[in-house]
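K.L.:
Curious how this folds, go ahead:
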Amino acid sequence: MNELFILGELMESPQNGYHLRSSLQVSLGRNRKISFGVLYPLLDKLEKNGLIKLKVLDKGRTQKIATITDKGRQRFFDLMKEDVPVGARSQDIYLIKLDAMQHLSLMEQKDLLMNFIREQQKTIDEERLLIEKFSIDMKKDHWYAEKKQELKLAEAKVAIDWANKFLNDLPYDETN
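P.N.:
Reported below is the predicted structural model:
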């Protein structure tokens with residue numbers, strides 16, 4: 001996930017670690033942070049694998065500027081084409097992919113949005129089943145759980161509405 005994010009950000013322009021860290025927080029939300037203890041070793045690993053180049057600047061403080069390589073661009077596109085795994089980080093991975101999808105072809109963008117919609121629909125289906133189950137057994141703690149599931153249901157519906165609008169706003173073909 002962090003590799004995809006970094007490569008996606010570097011597709012835009014060279015950046016230093018501080019800006020990459022700040023961009024991740026903007027992309028995923030204020031409560032999502034990557035520590036410099038995770039970020040800088042990852043940058044070193046990406047450089048070792050030939051995906052980025054690091055240039056050290058000394059402006060009073062040592063600063064590393066990362067630039068994506070051709071091999072890094074190919075890795076970015078490979079990661080963007082991978083299916084989003086089901087798990088705790090699925091939503092974060094979708095947010096990262098949606099943030100960087102302007103580098104994909106129009107068809108690939110539409111496919112990504114459709115996959116996102118399908119994933120949200122699965123959430124809606126699951127939440128509806130849980131809400132129905134909770135409403136049958138109206139214990140007090142189930143009422144609170146039902147309210148939480150209603151929130152998740154509403155979030156998924158909003159996400160689908162957003163993605164459908166995004167799809168409608170995309171041009172019809174690659175020449176537009």
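K.L.:
residues making contact with the lowest-mean-pLDDT helix or strand in the chain?
P.N.:
Within the chain, no helix or strand scores below helix 17-28, which has a mean of 86 by mean pLDDT, DSSP states H and E. The contact list for helix 17-28 (Cβ atoms under 8 Å, 6 or more residues apart in numbering) reads 2, 5-6, 9, 15, 32-34, 36, 39-40, 43, 63-64, 66, 92, 95-96, 99. C-beta: built from backbone N, CA, C; applies to glycine.
K.L.:
how does it look with 6 Å?
P.N.:
5, 6, 9, 33, 34, 39, 40, 92, 95, 99 (Cβ atoms under 6 Å, 6 or more residues apart in numbering).
K.L.:
Now do the same contact list for the fifth one.
P.N.:
Same thing as residue 34. 21, 24.
K.L.:
Need the per-residue pLDDT for it.
P.N.:
pLDDT, residue 34: 79.
K.L.:
Spell out the secondary structure type for it.
P.N.:
Classification of residue 34 using DSSP: H, G, I helix; E, B strand; the rest coil returns coil.
K.L.:
Run through the chain and note the low-pLDDT ranges.
P.N.:
59-60, 138-141, 173-176 (pLDDT under 70).
K.L.:
cutoff 80 now
P.N.:
For the chain, residues meeting the criterion pLDDT under 80 lie at 28-34, 58-62, 88, 135-142, 172-176.
K.L.:
Generate a ChimeraX selection restricted to the buried subset of the contacts of helix 17-28.
P.N.:
Remark: buried members of the contacts of helix 17-28, expressed as a ChimeraX selection using 16 or more other Cβ atoms under 10 Å:
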select :5,6,9,34,39,92,95,99
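K.L.:
a markdown table for the contacts of helix 17-28, including secondary structure?
P.N.:
As requested, these are exported to a markdown table (three-state DSSP):
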| residue | secondary structure |
| --- | --- |
| 5 | helix |
| 6 | helix |
| 9 | helix |
| 33 | coil |
| 34 | coil |
| 39 | helix |
| 40 | helix |
| 92 | helix |
| 95 | helix |
| 99 | helix |
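K.L.:
Skipping its backbone neighbours, what lies nearest the residue sitting nearest the centre point of the chain in space?
P.N.:
Central residue of the chain (Cα atoms, centre = their mean): residue 96, 2.1 Å from the mean position. Leaving aside its chain neighbours, residue 96 sits nearest to residue 5 (4.8 Å; criterion: Cβ to Cβ, 6 or more residues apart in numbering).
K.L.:
Quick check: the gap between that neighbour and residue 165.
P.N.:
Distance from residue 5 to residue 165, counting by Cβ to Cβ, to the nearest Å: 24 Å.
K.L.:
got it, and residue 90?
P.N.:
Relative to residue 165, and taking Cβ to Cβ, residue 90 is found at 21 Å.
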